[in-house]
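Q: Pasting the sequence and the predicted coordinates here, then a few questions.
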Amino acid sequence: MPCLYGLMFVALLTVTYNLIDLGFNLIELWLPDPLYSERGFGNLGAMRWSIAVLVVALPVFLWLDRRAARALSDDPGQRRAPLRQKFGAMTLFLSVLALLGAAVAVVYAGLTGVVTTQFLAKVALVVLLALLVIAWFRDFLAEP
């Protein structure tokens, strides 16, 4: 079981990082920054890489999550497993840090006066993904 949670954590980090990277590139393509005069086609190489990683990592994460859920239904005592608790706590901790970072970025952008549609879309993407991760893993810390 330790390998399962470790791989699941790495797969989750991989998926979220590449979703953010792909999302940022798409946002830059769809909502060009008015302060940056050059309009291009985004970073197509980075977008291809993120898509390739997601095609592999997302099914792996979903499969691992399903295996963990199945193992938990077979043995409900695993809910108290220290590694599961650490995995859930670390995941929620990193998600809350992402939310706090987004809040700081919004305040800073507001103070400097550079709040653009592109910036707000990027912040919204980070907040949405952090909230999705929190919702997905909230039961990892639930008491049996």
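A: Perfect, I can see it now.
Q: Just give me the residue right at the centre of the chain.
A: When Cα atoms, centre = their mean is applied to the chain, the residue found nearest the centroid is residue 16 (3.0 Å).
Q: which element is that residue on?
A: Residue 16 is located in helix 2-30, with elements delineated by DSSP states H and E.
Q: That helix packs against which elements?
A: On a contact count with 3 or more Cβ pairs under 8 Å, 6 or more residues apart in numbering; DSSP states H and E, helix 2-30 meets helix 44-74, helix 82-112, helix 117-137. The way it works is simple: take the backbone N, C-alpha and C, and place the C-beta from them, glycine included.
Q: Can I get stretch 21-35 as PDB, trimmed to CA atoms?
A: This file holds the C-alpha atoms of stretch 21-35, laid out as PDB (Å, rounded to 0.1, in the frame of the first residue of the first chain):
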ATOM      1  CA  ASP A  21       0.700  24.700 -17.500                       C
ATOM      2  CA  LEU A  22      -1.700  23.800 -20.300                       C
ATOM      3  CA  GLY A  23      -4.400  26.200 -19.000                       C
ATOM      4  CA  PHE A  24      -1.900  29.100 -18.700                       C
ATOM      5  CA  ASN A  25      -0.800  28.600 -22.200                       C
ATOM      6  CA  LEU A  26      -4.300  28.400 -23.500                       C
ATOM      7  CA  ILE A  27      -5.300  31.500 -21.500                       C
ATOM      8  CA  GLU A  28      -2.300  33.400 -23.000                       C
ATOM      9  CA  LEU A  29      -3.500  32.300 -26.400                       C
ATOM     10  CA  TRP A  30      -7.100  33.200 -26.000                       C
ATOM     11  CA  LEU A  31      -6.700  36.300 -23.800                       C
ATOM     12  CA  PRO A  32      -3.500  38.100 -25.000                       C
ATOM     13  CA  ASP A  33      -2.000  40.500 -22.400                       C
ATOM     14  CA  PRO A  34      -2.600  44.100 -23.500                       C
ATOM     15  CA  LEU A  35       0.800  45.000 -22.000                       C
END
